[in-house]
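Enquirer: quick one: sequence and predicted model below, then my questions.
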Amino acid sequence: MAPRFETRLAQSDQDLQNAQRLRYRVFVKEFGSDGPLVDHQAELERDDYDAHYDHILLIDRDKPSDDLGKVVGAYRVLPSDRLPQVGKFYTEAEFDLSPLLALQRKSLELGRSCLLPEYRGGAALYHLWAAVTDYIRRYDIQILFGVASFHGTETDHHKTALAAVFDRYMAPHHLRVQAIGPSAIAADQFLGGAIDTSAMAQVPALIKAYLRLGGFVGDGVFVDYAFNTTDVCLILDVEYLNQKQVEMFSKMATVL
């Protein structure tokens, strides 16, 4: 029998801890991430941004309660109208967001997307996206953006996939954020040779899903050694969605 899913925002300290414990299980235990505020004893992946962001929870109502409650997926989001309370977006540590901020359009930062392994590749992600879609409608969001990751910091392992992504999906100049800092690598470092379009098969599913919806990537990657990832910045401008993509995006709110 298919799981019975429910989505809602975290409403309590316990809800937030369930999301942080899920993130620990996925990002730390599974993918080898770390960070200054990761609590290995309590098994919580957390940072200073958590208290200011909304946390969308995916709950399997038929799952027996455990140390995650019934939480099987999560997304962390922040609408731009709340930015003055926070000071800056998480993404600003890795990418110069000046082009997006200069537009002064309503935007939403998405991050920390995760699902338990047994819920990947099925309906769970669509339910999470349906919740994100509802959130977008509620706040009249016009631009989505956020960091998405290739696992590992050896960029040579991802070179052909990144070349294909940068060749086909580079953001237009008015949306083109740029990787910053000593571990940033510009997109042109991955380009210049023959493009292997079959390498898109090596791109993580979440990144491919946003690109299929009409998303773009910024210029370059940020190699996050603490988090053990190679990060790109995804940008999705609702104005760039064609009618078919709009229908796909809308169906996320009603799928299953």
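Expert: Yep, that arrived. Residues are numbered from 1 along each chain as shown.

Enquirer: any idea how far the helix ranked longest in the chain is from the chain center?
Expert: Using DSSP state H to assign secondary structure, the helix with the most residues in the chain is helix 124-139. In terms of C-alpha atoms, centre = their mean, to the nearest Å, the centre of helix 124-139 is found 13 Å from the chain centre.

Enquirer: residues contacting residue 141?
Expert: For residue 141, the set of contacting residues under the criterion of C-beta atoms under 8 Å, 6 or more residues apart in numbering consists of 79, 106, 107, 108, 135, 238. Every residue, glycine included, has its C-beta placed from N, CA and C.

Enquirer: how about a cut-off of 7 Å?
Expert: With contacts taken as C-beta atoms under 7 Å, 6 or more residues apart in numbering, residue 141 has the following neighbours: 79, 106, 107, 108.

Enquirer: tell me the SS of residue 234?
Expert: strand (DSSP: H, G, I helix; E, B strand; the rest coil).

Enquirer: separation between it and residue 171?
Expert: Between residue 234 and residue 171 the computed distance is 9 Å (C-beta to C-beta, to the nearest Å).

Enquirer: shared neighbours, these two?
Expert: Shared contacts of residue 234 and residue 171 (C-beta under 7 Å, 6+ apart): residue 217.

Enquirer: about what we covered before: by contact count, what packs against the longest helix of the chain?
Expert: strand 5-9, strand 54-60, strand 71-79, strand 107-115 (3 or more C-beta pairs under 7 Å, 6 or more residues apart in numbering; DSSP states H and E).

Enquirer: ok, 8 Å please
Expert: Packed against helix 124-139 by the contact rule (3 or more C-beta pairs under 8 Å, 6 or more residues apart in numbering; DSSP states H and E) you find strand 5-9, strand 54-60, strand 71-79, strand 107-115, helix 205-212.

Enquirer: parallel or antiparallel, list what pairs with the helix or strand just after that helix.
Expert: Remark: after helix 124-139, the chain's next helix or strand is strand 143-151, criterion DSSP states H and E. In the sheet containing strand 143-151, its partner strands are strand 107-115 (parallel), strand 229-237 (antiparallel), by DSSP bridges.

Enquirer: between strand 71-79 and strand 143-151, find me the angle.
Expert: For the pair strand 143-151 and strand 71-79, the angle between their directions (axes from the mean of the first three to the mean of the last three C-alpha atoms, to 10 degrees) equals 130 degrees.

Enquirer: what about strand 143-151, average pLDDT?
Expert: The predicted model assigns strand 143-151 a mean pLDDT of 95.

Enquirer: kind regards, and thank you for your time.
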